[in-house]
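S.K.: okay, here's the prediction I keep looking at, along with the sequence it came from:
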Amino acid sequence: MGEREVDWSALPMELLPLIGKTVQARINVVRFRSVCTSWRSSIPPLRGISPPLLLPFPYPINSAGGQSFLSQSTIYRLEPPDDNPNLSTCSSKSWLVKVEEFEPGRVRLLNPLSSLHIRFLPDSFPKVINLLGFRVVEVGKAYKLQHSNGMDIAGVNKLVLFPNSAWTSCVEDKLIFGLFHEGKLGYVKYGDENWTFVDDHNFYCDDITVYKGQPYVVDRLGTVSWIDSSMKLIQFSPPLCGLGNQKHLVESCGELYVVDRSFDRERRFDHGLRRYRLCPKTVNIEVYKLDQEWGCWVMVKNLGDQVFFLGKDSSFSVSATEFSGCKGNCVYFTDENDIGVFYFENQKTGKIVDFQDRCHLFWPPPSWLSSKSSSKC
Amino acid sequence: MSSVKKVTLKSSDGEIFEVEETVAMESQTIKGLIEDDCADNAIPLPNVTGHILSLVIQYCKEHTSSSDSNSSKSNEKLKAWDTQFINVDLNVLFDLIMAANYLNVKGLLDLTCQTVADMIKEKTPEQIRAMFNIVNDFTPEEEEEVRRENAWAFEISLKNNNVVDTFEVEESMAKELQTIKNMIEDNYTDSVIPLHNVTSDILELVIEDCKKHVEAAESESEPSYSLASKLIDDPLKA
C-alpha cells in the first residue's frame, strides 16, 4: 500500500451534514464550522437556545406580568495546546470554567458552584479569549429560570433539558424537567400553557439528572427512580437510608452516584440583616454507588482521581489528572453561596478559603490564560 | 445445490466476492439491483476497491446475522465489534465512508460519520485541518467571522477608580452604612461624601441593598438578602 495522503475535502458535500449532525456538544459544532468553507456551509450555526425559550411560570404568584426565560450556562475545561512555551512553568494545565453566553460571542463568567456572576477579575485576566487556540471540552450544562430582567425565579431548585444534545436546540423537541420548592417535580414542553406537576404526596425530590439518555431523580430517602415516557416514576434502586439531609446525583466515569450531604445549622451573623440567623453548613459527605447485580447501595470511600461538584444548578465530576497539580478524591459543594470542599482522605471539610494552599481547579485562573495574548476586539 | 442464494460482487480492481443475498442486501444499492433483476451476473462496483469491499462485506455479515430472530449477539457485543472494526487509519476510514455512501449501507455510514465526529472532538480547527489534510480556504471576512464565533468576550466590571459618579440618597438609607452614619453624625459638611475605595458599580449595589433593608424594616417583611451575596467579588471568600 503506497503512502497515500487522502484529501478529505474530496468528501462529497452531502456527507458533511451527516458528520456534523452527530457532533454532540455545541463547542464541537462551532469547531466543525471553523475548519473550511465547505464544512462551514454544511451545518447551520448554533446559537444557544433558539428561539429564546419562553416558558410559563411554575407558580401563579410569579406571574405578576412578564415571562420566564430558560437560560443556559455551560461548564468547560479549557486547555492550552501542548506547544505553549509557558506551560512548563504553570501549576495547572487546565481550567474549569462556567460561562453563560447571553449574546453571541459575549459571555458571563459564573462560579461553577454558586452560579453567581463573577464580576471582578484580576487585571491580568484577558478581556477576550480566542478559543481557536485552546482545547475546549464541554463538561456539563446547567439551566436557570429567569424573569425577563435577568433575576432568577425563586423556588426553582434545578432544571434539566431532555434530550440533552446540542442538536435539540430546536425548541419543539425539548422537554424541561424542574425541581421546585419542597421537592416537587414538574415538567413542561414548549408551547404548554402550564407546568405539569408529578403529584405524589410522599415524594420529595432532592435531585434530578439525565443519565444515559434518561431522566433520573433521587428522593429524600435516597431512592433513585427514572422517569419513563409517560411521566411515571419507575423505581430503580432501594432507598439509601443514609443519615444525611440532602441527596445529590452525580455521574462519574459513566456510573451514577448518590452523594448524601449532612447539614448542621450554624448561627452566623448576617451583616445584611444585622442579626444572627441559622445557616446550613455541610458537615459530612458520603458517596454511594448502586451495586446493580445485588440491588444494594455500596458506600464509596475513595473517589480516586475524581472530583465531584455539587453546584446549585448542576452537579458533575471531572478527573483531577486532567488538571495537573490538583488532587482528586474530594467533593466541592456550596452552602448558600459559600464554597466548601470535603476531602475524603482525611475527612476534612471546610470553606474553600481555609484550603488556599491546595489546588482548586476552577480558581484562580491559571497564568497561561493571561500569557496567551487576547485578540484585538 | 445450496439453498442459500448468493450474489457475486466485483470490485474496481477485479476481485470477485461471493456473498449471501441477505448479506448483500444490507446495501440498499445492491438490494435495488437484485430486485430489478439486474444481478444475474457479477455486479460490478467500480467505485470500491477489493480491500474496502471485503471490509464492507464483513460489516454486513456481522450486522445481518444479528438481526436474525434467534441471534445471540447482544447490542453491547455488536457495539464492541463495531468499535474494533472501525479502528482503522484515516485513509481506510475515508474509503469506507465513500463506499458506505455509494453502496448505501446506512449502519456503516452512521458508524463512520460518528467516528469522524469523535475524532474532531477536543481538537482545534488547526489540528483538524492538519489531521484531514484540509486547506484553510476562508476569505479574510470569513476568517473574521470565524474568529468572532470562537471568541469569548467577558462581561465583567472593570475596576476603574477613575470613574466618578455621584449618587443622591436619602439620609435614612445612607445611615445603613456605619461609616457614612458616623460621617453624618460628625457633621461632615461637604455636600458630597467621597468614597475613595468604592467604585460606582459597587456603590450602586450597596445603595440598592440599603434601600431594600430600609423598606423591609418599614414594612416588616422578610428582607431579601440575595443582593448582599452579589457583592462577592472573590469567589473564594464568604
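M.R.: All right, it came through fine. Numbering: from 1, shown residues only, chains lettered A, B, ... in the order given.
S.K.: can we go C-alpha only for contacts and neighbour counts from here?
M.R.: Noted.
S.K.: pLDDT below threshold where in chain B?
M.R.: Scanning chain B with the threshold set as pLDDT under 70 gives B:1-3, B:39, B:66-73, B:156-177, B:179-201, B:214-238.
S.K.: all helices for it, in order.
M.R.: B:21-24, B:28-35, B:50-65, B:75-85, B:90-103, B:106-120, B:125-132, B:140-149, B:171-174, B:178-185, B:200-219, B:226-229 (DSSP state H).
S.K.: can you convert those helices into TSV and add a column each for distance to chain A?
M.R.: TSV is the format used below for those (distance: least, CA to the nearest CA, whole Å):
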stretch	distance to chain A
helix B:21-24	22
helix B:28-35	17
helix B:50-65	11
helix B:75-85	14
helix B:90-103	6
helix B:106-120	5
helix B:125-132	5
helix B:140-149	6
helix B:171-174	13
helix B:178-185	12
helix B:200-219	8
helix B:226-229	6
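S.K.: so how far is stretch A:30-48 off the chain centroid?
M.R.: Distance of stretch A:30-48 from the chain centroid (CA atoms, centre = their mean, to the nearest Å) equals 25 Å.
S.K.: picking that back up, can I get the helices of chain B in JSON lines with distance to B:G14 and mean neighbour count?
M.R.: Below are these laid out as JSON lines (distance: least, CA to CA, whole Å; neighbours: other CA atoms under 10 Å in any protein chain shown):
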{"stretch": "helix B:21-24", "distance to B:G14": "18", "mean neighbour count": "20"}
{"stretch": "helix B:28-35", "distance to B:G14": "17", "mean neighbour count": "16"}
{"stretch": "helix B:50-65", "distance to B:G14": "7", "mean neighbour count": "18"}
{"stretch": "helix B:75-85", "distance to B:G14": "24", "mean neighbour count": "12"}
{"stretch": "helix B:90-103", "distance to B:G14": "16", "mean neighbour count": "20"}
{"stretch": "helix B:106-120", "distance to B:G14": "23", "mean neighbour count": "19"}
{"stretch": "helix B:125-132", "distance to B:G14": "29", "mean neighbour count": "17"}
{"stretch": "helix B:140-149", "distance to B:G14": "45", "mean neighbour count": "15"}
{"stretch": "helix B:171-174", "distance to B:G14": "91", "mean neighbour count": "15"}
{"stretch": "helix B:178-185", "distance to B:G14": "93", "mean neighbour count": "13"}
{"stretch": "helix B:200-219", "distance to B:G14": "77", "mean neighbour count": "17"}
{"stretch": "helix B:226-229", "distance to B:G14": "75", "mean neighbour count": "14"}
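S.K.: turn these into a markdown table, columns for distance to A:A320.
M.R.: Output for the helices of chain B, formatted as a markdown table (distance: least, CA to CA, whole Å):
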| stretch | distance to A:A320 |
| --- | --- |
| helix B:21-24 | 47 |
| helix B:28-35 | 47 |
| helix B:50-65 | 39 |
| helix B:75-85 | 27 |
| helix B:90-103 | 31 |
| helix B:106-120 | 23 |
| helix B:125-132 | 25 |
| helix B:140-149 | 30 |
| helix B:171-174 | 47 |
| helix B:178-185 | 45 |
| helix B:200-219 | 36 |
| helix B:226-229 | 29 |
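S.K.: nearest to A:P215, out of these?
M.R.: A:P215 sits nearest to helix B:75-85 of all those, at 21.4 Å, using CA to CA.
S.K.: of all the helices of chain B, which lies closest to A:G191?
M.R.: Nearest to A:G191, of the helices of chain B and by CA to CA, is helix B:140-149 at 30.0 Å.
S.K.: does B:K6 really touch B:E20, like I thought?
M.R.: Yes. When contacts are counted by CA atoms under 8 Å, B:K6 is listed as touching B:E20 (4.2 Å).
S.K.: what do the two both touch?
M.R.: The overlap between the contact sets of B:K6 and B:E20 (CA atoms under 8 Å, 6 or more residues apart in numbering or on different chains) is empty.
S.K.: gap between A:R268 and chain B?
M.R.: 12 Å (CA to the nearest CA, to the nearest Å).
S.K.: give me the element that residue is part of.
M.R.: strand A:255-270 (DSSP states H and E).
S.K.: partners of that strand, with directions?
M.R.: strand A:246-252 (antiparallel), strand A:275-291 (antiparallel) (DSSP bridges).
S.K.: might you report the residue contacts of the spatially closest residue to B:G50 that is not a sequence neighbour?
M.R.: Of all residues not flanking B:G50 in the chain, B:S11 sits nearest, at 5.1 Å (CA to CA, 6 or more residues apart in numbering or on different chains). By CA under 8 Å, 6+ apart, the contact set of B:S11 is B:P44, B:L45, B:P46, B:N47, B:V48, B:T49, B:G50, B:L53.
S.K.: and the stretch 201-350 of chain A, which residues reach chain B?
M.R.: A:G272, A:L273, A:N337, A:D338, A:I339 (CA under 8 Å from any CA of the partner chain).
S.K.: now for the helix or strand hosting the last one, which elements pack on it?
M.R.: Secondary structure assigned from DSSP H and E places A:I339 in strand A:338-343. Contacts defined by 3 or more CA pairs under 8 Å, 6 or more residues apart in numbering or on different chains; DSSP states H and E place strand A:338-343 against strand A:330-335, strand A:348-351.
S.K.: okay, now the sheet partners of the first one, with direction.
M.R.: Taking DSSP bridges as the criterion, strand A:330-335 pairs within the sheet with strand A:306-310 (parallel), strand A:338-343 (antiparallel).
S.K.: and the shortest one, by the same measure?
M.R.: Sheet pairing for strand A:348-351, assigned by DSSP bridges, gives strand A:338-343 (antiparallel).
S.K.: burial count for the residue in the stretch 201-350 of chain A positioned nearest to chain B?
M.R.: Of all residues in the stretch 201-350 of chain A, A:D338 sits closest to chain B, at 5.4 Å by CA to the nearest CA. A:D338 is flanked by 20 other residues according to other CA atoms under 10 Å in any protein chain shown.
S.K.: can you give me the offset of the strand holding A:R268 from its chain's centre?
M.R.: With CA atoms, centre = their mean, you get 19 Å for strand A:255-270.
S.K.: give me the contact list for it.
M.R.: With CA under 8 Å, 6+ apart as the test, strand A:255-270 has contacts from A:211, A:222, A:242-251, A:275-290.
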